[in-house]
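In: when you get a sec, could you give me coordinates for this:
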Amino acid sequence: MGIVREDIRKITPYKAGKPIEETRRELSLRGIIKLASNENPLGVSPKALKAILKNSKGLNRYPDSNGYYLKQKLSCAFGVSPSNLVLGNGSDELIDVVIKTFVEYDENIITSATTFLEYAIIAGVNARKVVLVALKDFKYDLEGIRRVINSKTKLIFIANPNNPTGTYVNKKELDAFLNAIPKDVVVVLDEAYDTFIDVGDFPESVSYYKTRNVVLLKTFSKAYGLAGLRIGFAIANSEFCACMEKVRQPFNVNSLAQAAALASLGDRGFLRKTKKAIWAGKQYLYDSLDAMGLAYVPSVANFILVNVEKSGIEVFKKMLTRGVIVRDMQQYGLKDYIRITVGTMDENRKCINALKKAV
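Out: Residues are numbered from 1 along each chain as shown. Sure thing, here's the model as predicted:
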């Protein structure tokens, strides 16, 4: 018997997007752009930056463990009670909290075979079984998921929009699915990219917690540009939230993250500017990819999954030598694909030039 748990040894850890600093050290390049991790290309809200500086003087104190003021602001923004909110150190921590709160060791979790990798990784770390269902036309196969539900199924993760495909489940599809599954199964809707939505049939999911066993996950990492501060939140019924509060660590969200998130919610102008830049940049990338004859998956998020018709890892490496970091999809099982985050227009042009040379 080994000292380290055997199931931990079998886990393949999450591979993050390559950092700019690491690329600079390895290749001695200047002017590197990163379009690999679906971050906000415009940076951080000016109001958030001011809030960070203002609150930096109190870093010798522990943060507000309950996040009172942020919860008050979120409750107004989303029309929920503070008791319907749980704050997390990014969505990643909330995924861990949800699994620990709801899933017994002999129960199982269902999600897609091609989705955010942390669902399966965190479940494995917690020694919970995961059942993976293949995508259908790059979308979650809700009917396929329904068919594999059994008496031991407790939790279903649905990334909506899905990462890495950028596809989504619409309101009609989601409503039909929720009506068809057992009432004691908890559905987690991870809406990390919902702020970029430009379609009319996306589910109005905030209200689901009132009548269904739904936990909604949202984040400040993407559209709000706070990826480096790690802050997200869950919306669920008050009973679920009270139990999740028992599981999360007491000072899981630092004081600067809380202050920046609070200020970001009040900067609607920055959010509008971000959406406009993403939508315009995405159209430019679509047009460029069409001109190159490369297939891609139409996306409602701030990234595009592109079929490069050869080894995605090789294209990634070639683009890297030209100072452009994208994401190879090998860990997702999509060996002929790369994922490109929509950047500023200058970054998008540089990306397309590098891609043309790489393919």
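In: remind me which residues of this structure are low pLDDT?
Out: Residues of the chain that meet the criterion pLDDT under 70 lie in 1.
In: measure the residue most central in space within it to L135 for me?
Out: Centrality entry for the chain: nearest residue to the mean C-alpha point is A192, 4.3 Å, by Cα atoms, centre = their mean. Separation of A192 from L135 (Cβ to Cβ, to the nearest Å) stands at 18 Å. The C-beta positions use only the backbone N, C-alpha and C, and glycine is treated the same way.
In: kindly report the same for E204.
Out: According to Cβ to Cβ, E204 stands 24 Å off from L135.
In: quick one: which of these two has more around it?
Out: Comparing E204 with L135 by neighbour count (other Cβ atoms under 10 Å), the higher total belongs to L135, at 16 against 7.
In: ok, now which ones touch the closest residue to the more buried one other than its chain neighbours?
Out: The shortest distance from L135 to any residue other than its chain neighbours is 5.0 Å, reached at T114 (Cβ to Cβ, 6 or more residues apart in numbering). With contact taken as Cβ atoms under 8 Å, 6 or more residues apart in numbering, T114 is in contact with 134-135, 162, 164-165, 332-334.
In: distance-wise, check Y208 relative to K317.
Out: Using Cβ to Cβ, one gets 43 Å for the distance from Y208 to K317.
In: hang on, I110 is in a helix, isn't it?
Out: No - assignment of I110 by DSSP: H, G, I helix; E, B strand; the rest coil gives strand, placing it outside any helix.
In: so it is in contact with I156, correct?
Out: Yes - shown here, I110 and I156 form a contact pair, counting by Cβ atoms under 8 Å, at 4.8 Å.
In: identify the contacts common to those two.
Out: The overlap between the contact sets of I110 and I156 (Cβ under 8 Å, 6+ apart) consists of 145, 149.
In: which one of those two has more residues nearby?
Out: Looking at I110 and I156 with other Cβ under 10 Å, you find the greater number of neighbours at I156, namely 28 against 25.
In: distance of that one from D190?
Out: Between I156 and D190 the distance, using Cβ to Cβ, works out to 11 Å.
In: report the longest helix in this structure, please.
Out: As assigned by DSSP state H, the longest helix anywhere in the chain is helix 268-292.
In: that helix packs against which elements?
Out: Other helices and strands packing on helix 268-292, by 3 or more Cβ pairs under 8 Å, 6 or more residues apart in numbering; DSSP states H and E, are strand 303-307, helix 345-358.
In: so which residues make contact with the helix or strand just after it?
Out: With elements assigned by DSSP states H and E, the helix or strand that comes after helix 268-292 is strand 296-297. With Cβ under 8 Å, 6+ apart as the test, strand 296-297 has contacts from 138, 165-167, 286, 289, 304-307.
In: hmm, try it at 10 Å
Out: The contact list for strand 296-297, computed with Cβ atoms under 10 Å, 6 or more residues apart in numbering, reads 137-139, 162, 164-167, 285-286, 289-290, 303-308, 337-340.
In: so how do I select the buried members of those in ChimeraX?
Out: Provided next is the ChimeraX selection string for whichever of these are buried by 16 or more other Cβ atoms under 10 Å:
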select :138,139,162,164,165,166,167,285,289,303,304,305,306,307,308,337,338,339,340
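In: next, the buried residues of stretch 166-176.
Out: The neighbour-count criterion (16+ other Cβ under 10 Å) identifies 166-169, 173-174 as the buried residues of stretch 166-176.
In: let me have these in a markdown table, extended by secondary structure and distance to G88.
Out: Listed next are the buried residues of stretch 166-176 as a markdown table, based on DSSP: H, G, I helix; E, B strand; the rest coil; distance: Cβ to Cβ, whole Å:
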| residue | secondary structure | distance to G88 |
| --- | --- | --- |
| G166 | coil | 24 |
| T167 | coil | 25 |
| Y168 | coil | 23 |
| V169 | coil | 23 |
| E173 | helix | 27 |
| L174 | helix | 23 |
